[in-house]
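Participant: Sequence and predicted structure below; questions after.
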Amino acid sequence: MLKSKTFLKKTRAGGVMKIVREHYLRDDIGCGAPGCSACGGAHEGPVLEPQPQDPASTLCPSPHYLLPDTNVLLHQIDVLEDPAIRNVIVLQTVLQEVRNRSAPVYKRIRDVTNNQEKHFYTFTNEHHRETYVEQEQGENANDRNDRAIRVAAKWYNEHLKKLSAENQPQVIFITNDRKNKEKAVEEGIPAFTCEEYIKSLTANPELIDRLACLSEEGNEIESGKIIFSEHLPLSKLQQGIKSGIYLQGTFRASRENYLEATVWIHGDTEENKEIILQGLKHLNRAIHEDIVAVELFPKSQWVAPSSVVLHDEGQNEDDMEKEEEKERMLKTTVNEKMLKPTGRVVGIIKRNWRPYCGMLSKSGIKESRRHLFTPADRRIPRIRIETRQASTLEGRRIIVAIDGWPRNSRYPNGHFVKNLGDVGEKETETEVLLLEHDVPHQPFSQAVLSFLPKMPWSITEKDMKHRVDLRHLCVCSVDPPGCTDIDDALHCRELENGNLEVGVHIADVSHFIRPGNALDQESARRGTTVYLCEKRIDMVPELLSSNLCSLRCDVDRLAFSCIWEMNHNAEILRTKFTKSVINSKASLTYAEAQMRIDSATMNDDITTSLRGLNKLAKILKRRRIENGALTLSSPEVRFHMDSETHDPIDLQTKELRETNSMVEEFMLLANISVAKKIHEEFSEHALLRKHPAPPPSNYEILVKAAKSKNLEINTDTAKSLADSLDRAESPVFPYLNTLLRILATRCMMQAVYFCSGMDNDFHHYGLASPIYTHFTSPIRRYADIIVHRLLAVAIGADCTYPELTDKHKLADICKNLNYRHKMAQYAQRASVAFHTQLFFKSKGIVSEEAYILFVRKNAIVVLIPKYGLEGTVFFEEKDKPKPRLIYDDEIPSLKIEDTVFHVFDKVKVKIMLDSSNLQHQKIRMALVEPQIPGISVPMDISNMDSEPGKKKRKLEK
């Protein structure tokens, strides 16, 4: 049957166009109930159970199916995902509305409907002759959809009466809309709110905790005092942004100070790019990563970023007087130059909430169901939840979702989602850091694995097409010990004309991962392999990462080779790119390669090749540095693990050898050569990587710190910075140069991927290269796979596809890659921090030399070279007399009583694990030397749980 609508539309040219919209209605759409003779088994995909064995409900004891409306799906998805909830009818009307309103929830509901065990059935009610409804005159789209859902629910109950009496399930309509429920009951449809139904499932009381609390009545603070100003409606915000009264940007909460945040303004405007917000009322219920509208204050009300470290320690959520006292601490007398654009949040344009990991702070009131949840991420406020399992969840890591934030509540409301496990357990903590950094880590699905080559795999004649056989070359790889995902291998040999041939051979991952299939989509989503201290979250399945694409020795492997002809002065005479087959002659560690180069007795082909490569690498590095490339520093640590318990037993900074530098030089050279090639061929859609020059203000801390040690740092260009860092030596303080380089690293901008057609600044500041990309690690970076595809098309070794030459699609890929790389970096740091805690848990208390990296108003941030560990020494503690502190931002320095601390000063600190706060167990540092009465701790504290000295907590990294 065909329904059609005809209407006339006026065209721009003044003509009239007739438009006909056709809507097909069918009789053969199945209801999803097995054994329904009327439908004759016309069901697609998973179907409902013939006799739903759902949890016993006191409201509807007979067998039943559930039919939820759109809002239930949108807001109660955590309940619907629970294994206890099965046999749910998802209407097409509902699914379409969800798709339009929330992509993440839509994806989750699709996953649930694809799960055979859940028995969720999608019913195409919009195309079924008996359930399709037309919009009536004067009826809005929302009311029409509500009516369509009720019509479908009523049809189901009539339709299922055709089943035999003992098999007759009811269809229960679940809605939280009061009017919709009343209408349904009038029409004879059994209807309940989600809360009523869930509370009736007496066998599953834990489900109540997963209910999103949507009604703000009853969840508000009893006093009812309005704390926050009202958020303006979206229409007013959009008008205000258009007229320039308000600015739109991304809200970034501070880890160090819960009363301060910044908003990064969207758009190309250079002035007021970053707006500071101070005080709870001005933050106005915005949460980290929300898109907000801000009102900019006049210059007379601008403030300076605070140097105070403040964490929300309060248990009493009504204590607004204390908050106001803390807010006064933020206000300090500063010179005009320090003032930054300041404003307040007037409305929320888009919430970017996600499920948060953390711990329950159990209420002090006995039998209370209302508790505060403290997220692991300090940038997220505490969340008030209701739970009956508080005693079970205490000491556990749990996941909570936010439901809303009323104006008269100090904290947002939320609900319990999942219990992850005991705090401090390695598996639990690893799961938390992966979830918190949004690292996709589920096992690869069958759909993804189905695109892997069948084993046993071997190179075929078809594979050899467009490929050069380089198996005769003396190729070898040099990697860290224990590396199984070997991306790259090298060779160097002398040619008959006296020149040198140097080859960089990279795993040909794009041969196995074809554009657009499930394996490609999953690799693109993950974006990068994430390396944790004891675990690797692969971007591609293990069969590729550790086997078929890994350039292991003595096996034939497919590669993409970049081969140069060079003279002995490392000048490139000719460059060639080709797909190839190689057979690596040795898989060496950096130490083994170094040993060969240094050996007086070894002169085999591999060693000769390595020596040639090393000699050329030194020339390449010298030339790069002469051009202004930076050599920066960051304290990297490596753990030595106990072979049985897998706990860290030793912690030391990584040692870098000449061979590390050798491999790095040729990888950089290959990346630059490939970048030039793909940009020549695809000027509009090459995937490149740039490193923007930092704004001069970024260097202030470095320049001031060097000045305090009578050294001058020139930051006009990368070359002048590199040269002044080279000159900044102190004979009496050799470590000073390393500290300056560590500090210089902190001043840098993030390097990012971009599409050449969407940007005109290609320069890579750190490498002093006019163009750069990533080509050398396709096993662990998706960017390199795209670059391989571009290069393959450029040399005629592979065919193109539409998305490869669509600069907007490429820009979207770059956006995801930049996000995934940033998150991987943070996850790696969090893993190091957790393993460092494990190390000090077993080691006990130690005292070590440290250097000051930053001074704050009430603390110093120090670096301990021995462990590559950074931490904060606080000088104010709750319930202790406050010392006399004088902070000078210009020098910068901090005077405590009569002792002055400058950046780079050497101090001695005591390091211990503070487990007083289970949620944020942390390395705590106390000052030992210089001795300040009432501040420093003695050398001989035997137990950290005894008097913890006059010393403060460490800020979580």
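Facilitator: Structure received. Residues are numbered from 1 along each chain as shown.
Participant: Pull the residues that contact stretch 78-87.
Facilitator: 48-49, 52, 54-55, 64-66, 68, 72-73, 88, 108-109, 112, 117-120, 169, 194, 198, 201, 204, 207, 210-212, 401, 415, 417 (Cβ atoms under 8 Å, 6 or more residues apart in numbering). Just so you know, the C-beta spots here come from the backbone N, C-alpha and C atoms, and that holds for glycine as well.
Participant: What about those residues, which are in strands?
Facilitator: Using DSSP state E, 64-66, 68, 88, 120, 401, 415, 417 are the members of the contacts of stretch 78-87 that sit in strands.
Participant: Neighbours of the closest residue to Ile29 other than its chain neighbours, how many?
Facilitator: Nearest residue to Ile29 in three dimensions, chain neighbours excluded: His128, at 4.7 Å (Cβ to Cβ, 6 or more residues apart in numbering). Burial measure for His128: 20 neighbouring residues, criterion other Cβ atoms under 10 Å.
Participant: Let's see the pLDDT reported for His128.
Facilitator: If you check His128, the pLDDT there is 88.
Participant: Wait, it touches Arg26, no?
Facilitator: Yes. The criterion here is Cβ atoms under 8 Å, and His128 meets it with Arg26 at 6.6 Å.
Participant: Quick check: buried residues in the longest helix belonging to the chain?
Facilitator: Ordering each helix of the chain by length in residues (DSSP state H) puts helix 807-843 first. Within helix 807-843, the residues scored as buried using 16 or more other Cβ atoms under 10 Å are 810-811, 813-814, 817-818, 820-821, 823-824, 826-828, 830-841.
Participant: thinking again about what came up before, mind giving me the PyMOL select for the contacts of stretch 78-87, buried ones only?
Facilitator: If you want just the buried ones from the contacts of stretch 78-87 in PyMOL, going by 16+ other Cβ under 10 Å, the selection is:
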select buried, resi 48+52+54+64+65+66+68+72+73+88+108+109+112+118+119+120+169+194+198+201+204+207+210+211+212+401+415+417
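Participant: And the nearest residue to Leu470 once chain neighbours are set aside, which helix or strand is it part of?
Facilitator: Nearest non-adjacent residue to Leu470, counting by Cβ to Cβ, 6+ apart: Ser580, 4.6 Å away. Using DSSP states H and E, Ser580 falls within strand 572-583.
Participant: How far away from the center of its chain is that strand?
Facilitator: Averaging C-alpha positions (Cα atoms, centre = their mean, to the nearest Å) puts strand 572-583 36 Å from its chain's average.
Participant: packing partners for that strand?
Facilitator: When contacts are defined as 3 or more Cβ pairs under 8 Å, 6 or more residues apart in numbering; DSSP states H and E, strand 572-583 packs onto strand 467-469, strand 556-566, helix 658-681, helix 782-794.
Participant: residues in contact with stretch 48-61?
Facilitator: 32-35, 63-65, 84-87, 89, 119, 121, 167, 169-170, 172, 190, 192, 196-197, 200-204.
Participant: Filter the residues you listed down to just the buried residues.
Facilitator: Those of the contacts of stretch 48-61 that meet the buried threshold are 32-34, 63-65, 85-87, 89, 119, 121, 169-170, 172, 190, 192, 197, 200-201, 204, by 16+ other Cβ under 10 Å.
Participant: What residues of stretch 749-767 count as buried?
Facilitator: Applying 16+ other Cβ under 10 Å to stretch 749-767 flags 751-757, 762, 764-767 as buried.
Participant: Quick check, Ser724 in contact with Glu712.
Facilitator: Yes. Counting by Cβ under 8 Å, Ser724 touches Glu712, with 6.5 Å between them.
Participant: Send me stretch 430-442 as CSV with only the CA atoms.
Facilitator: The C-alpha trace of stretch 430-442 is given here as CSV (Å, rounded to 0.1, in the frame of the first residue of the first chain):
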residue,chain,number,x,y,z
THR,A,430,44.1,-0.6,34.6
GLU,A,431,40.5,-0.8,33.6
VAL,A,432,39.8,2.6,35.3
LEU,A,433,42.7,4.3,33.5
LEU,A,434,41.6,2.9,30.2
LEU,A,435,38.0,4.0,30.7
GLU,A,436,38.9,7.4,32.1
HIS,A,437,41.1,8.1,29.0
ASP,A,438,38.5,6.8,26.6
VAL,A,439,40.9,4.1,25.3
PRO,A,440,38.9,1.5,23.2
HIS,A,441,40.1,-1.8,24.7
GLN,A,442,37.4,-4.3,24.1
